[in-house]
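Visitor: Dropping the sequence and predicted coords here.
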Amino acid sequence: MSKLFRLAATGGTFDEIHAGHIALLSKAFDIADKVIIGVTSDEFVKGKKTINYDFNQRVLNLKEMIKREFGNNVNYEIARLDSEFGPAVTTGKVDALITSAETQEKGIKLNEIRRKNDLAPAKIVAVPLIKAEDGKRISSSRIRAGEIDKNGRLLKAG
């Protein structure tokens, strides 16, 4: 059975994989026949944020999580992101951009670039942020800081 979209794109650093990443990919896999998952390159991340894992390890961790959480019945490819937007900008085949509620404004910017390239706009699908026990968002930076675990459980008093 065909899904709502033929091809969707999403992306991130995927350093400390957490419940928010799983929710994002779950939505993408639910509504698209195939998903392009952009993973930021080490060079692109450099100077923007501190990460624990290099590109190859982040891709390996992502593939392992997808297999564990979604099995082998999902169709995806992983693309290296050397800029803010990857294949979602360069291919007219992408029907949808799956974002977090926090990053959905990037979709507007994406569609401006697509229009300039004579490509149809992509549908922006925003996934609600997953909150930790303290009501703040789950994020890789909070996990790296030892505040929460990957499911949002508090590890130390905030």
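Guide: Arrived safely, thanks for sending.
Visitor: What are the buried residues along the biggest helix by length in the chain?
Guide: Of all segments of type helix in the chain, defined using DSSP state H, the longest is helix 55-70. For helix 55-70, the neighbour count (16 or more other C-beta atoms under 10 Å) marks 55, 58, 59, 61, 62, 65, 66 as buried. C-beta coordinates here come from the backbone N, C-alpha and C atoms, glycine included.
Visitor: and the gap between the last one and residue 133?
Guide: In other words, residue 66. 26 Å (C-beta to C-beta, to the nearest Å).
Visitor: Outside of the helix or strand bottoming out on mean pLDDT in the chain itself, list whatever touches it.
Guide: Every helix and strand in the chain was compared by mean pLDDT, DSSP states H and E; the lowest is helix 87-90, with a mean of 76. By C-beta atoms under 8 Å, 6 or more residues apart in numbering, the residues outside helix 87-90 that reach it are 9, 11, 36, 38, 79, 94, 97, 110, 113-114, 117, 119, 122.
Visitor: What's the first helix or strand after it?
Guide: Downstream of helix 87-90, the next assigned helix or strand under DSSP states H and E is strand 96-100.
Visitor: export that next one as PDB, just CAs?
Guide: Extracted in PDB, the C-alpha atoms of strand 96-100 (Å, rounded to 0.1, in the frame of the first residue of the first chain):
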ATOM      1  CA  ALA A  96       8.100  16.100   2.200                       C
ATOM      2  CA  LEU A  97      10.600  17.400   4.800                       C
ATOM      3  CA  ILE A  98      10.100  15.900   8.200                       C
ATOM      4  CA  THR A  99      11.300  18.300  11.000                       C
ATOM      5  CA  SER A 100      11.000  18.700  14.700                       C
END
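Visitor: elements contacting it?
Guide: If you count contacts as 3 or more C-beta pairs under 8 Å, 6 or more residues apart in numbering; DSSP states H and E, strand 96-100 packs onto strand 5-12, helix 19-31, strand 32-40, helix 105-116, strand 123-127.
Visitor: Many thanks, have a good one.
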